[in-house]
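Peer 1: Turn this into a model:
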Amino acid sequence: MLGFDEIAVAGRRHKYFRKVEEALAGLGARFHTPRVPAAAPVAVRAEQLCAVVNELPQGRVNVIAHSMGGLDARYAISRLGLGDRVASLVTIGTPHQGTPVADLGAGIVSAGVSRALAKVIDVRALHDLTTGALERFNREVPDVAGVAYCSIVGRCALSQTNPLLWPSHAYLSARAGANDGLVPSSSQAWGKVIREIDADHWAQIGWSLSFDAVGLYEDILRELAGLGF
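Peer 2: Next up, the predicted model:
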């Protein structure tokens, strides 16, 4: 939610997965970064993901998805037929069981208000990330045979978290225990957990000087290679 493919900061352009693609370019993998609506519901974002993947050359792809992107990918694979194109899905910091932060936000902005605001600013994604919505999602969006589902679970001590995430980290700590500043660690596991990392939600995609995000994605590529992808 509220993700981007590229953004300008202090006059310089940065990709969402900051410096990751550039650093891994020499490892022989080809990268594509789909752009989906930043705050649209999962179903809408998943349709856009399908469109992008289906435009790629024939063959199966490995999807690495951060945060809400993991839900988009699961929906696209299970409900929109993308399973034929996807060999593996690795989710990072994805709220597979929802997050109390979304519960709090959805309590402030009701579903009816979200629909009314959709033509001005789309915040319907907030309701798709609640714990109740994900309970229904997990019943209705089963895994697809032949796709390898893997996940990376993040957590971070408050002192090591970006200060902008301190309020949500404290809120989650009181209600759900360990978290990455936006998603409880207990919500992030899906399929095979291949790594547990000490990184807040933004550090996971390279927006921190104290966490080696490039090293994380190198490990992911090695893991995928080890699984035969």
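Peer 1: For the chain, which residues score under the pLDDT cut-off?
Peer 2: 1-15, 107-123 (pLDDT under 70).
Peer 1: Not counting sequence-adjacent ones, nearest residue to residue 29?
Peer 2: Spatial nearest neighbour of residue 29, chain neighbours left out: residue 221 (6.1 Å); criterion: CB to CB, 6 or more residues apart in numbering. (Each C-beta comes from the backbone N, C-alpha and C, glycine too.)
Peer 1: Would you agree that neighbour is in contact with residue 31?
Peer 2: No - Residue 221 lies out of contact with residue 31 (CB atoms under 8 Å); the separation is 10.4 Å.
Peer 1: before we move on, back to that, what helix or strand is the residue nearest to residue 29 located in?
Peer 2: Using DSSP states H and E, residue 221 sits within helix 213-226.
Peer 1: quick one, strands of the chain?
Peer 2: 6-9, 12-15, 61-66, 86-92, 148-155, 192-198 (DSSP state E).
Peer 1: okay if I get those strands as CSV plus distance to residue 126 and mean neighbour count?
Peer 2: Converted to CSV, the strands of the chain look like this (distance: least, CB to CB, whole Å; neighbours: other CB atoms under 10 Å):
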stretch, distance to residue 126, mean neighbour count
strand 6-9, 21, 10
strand 12-15, 25, 12
strand 61-66, 17, 20
strand 86-92, 19, 24
strand 148-155, 21, 22
strand 192-198, 26, 15
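Peer 1: okay, these in TSV with distance to residue 184 next?
Peer 2: Output for these, formatted as TSV (distance: least, CB to CB, whole Å):
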stretch	distance to residue 184
strand 6-9	27
strand 12-15	27
strand 61-66	16
strand 86-92	14
strand 148-155	9
strand 192-198	13
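Peer 1: Nearest to residue 48 among those strands would be which one?
Peer 2: Each of the strands of the chain has some distance to residue 48 by CB to CB; the shortest is strand 61-66, at 13.2 Å.
Peer 1: more neighbours, residue 221 and residue 31?
Peer 2: Neighbour count, other CB atoms under 10 Å: between residue 221 and residue 31, residue 221 has more, with 17 against 13.
Peer 1: for that one, what are its contacts?
Peer 2: The neighbourhood of residue 221, defined by CB atoms under 8 Å, 6 or more residues apart in numbering, consists of 24, 27, 29.
Peer 1: So which of the residues you listed are in helices?
Peer 2: residue 24 (DSSP state H).
Peer 1: just curious, which of the contacts of residue 221 is nearest to residue 101?
Peer 2: Ranked by distance to residue 101 (CB to CB), the contacts of residue 221 are led by residue 24 at 30.5 Å.
Peer 1: Hmm, that closest one is touching residue 214, no?
Peer 2: Yes - the criterion here is CB under 8 Å, and residue 24 meets it with residue 214 at 7.1 Å.
Peer 1: mind putting the contacts of residue 221 in JSON lines, distance to residue 157 included?
Peer 2: Formatted as JSON lines, the contacts of residue 221 follow (distance: CB to CB, whole Å):
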{"residue": "24", "distance to residue 157": "28"}
{"residue": "27", "distance to residue 157": "31"}
{"residue": "29", "distance to residue 157": "32"}
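Peer 1: Which one (most neighbours) among the contacts of residue 221?
Peer 2: Within these, residue 24 tops the neighbour count with 17 neighbours, counted by other CB under 10 Å.
Peer 1: ok, the closest residue to that one other than its chain neighbours - contacts?
Peer 2: The shortest distance from residue 24 to any residue other than its chain neighbours is 6.0 Å, reached at residue 217 (CB to CB, 6+ apart). Shown in contact with residue 217 (CB under 8 Å, 6+ apart): 17, 20, 23, 24, 64.
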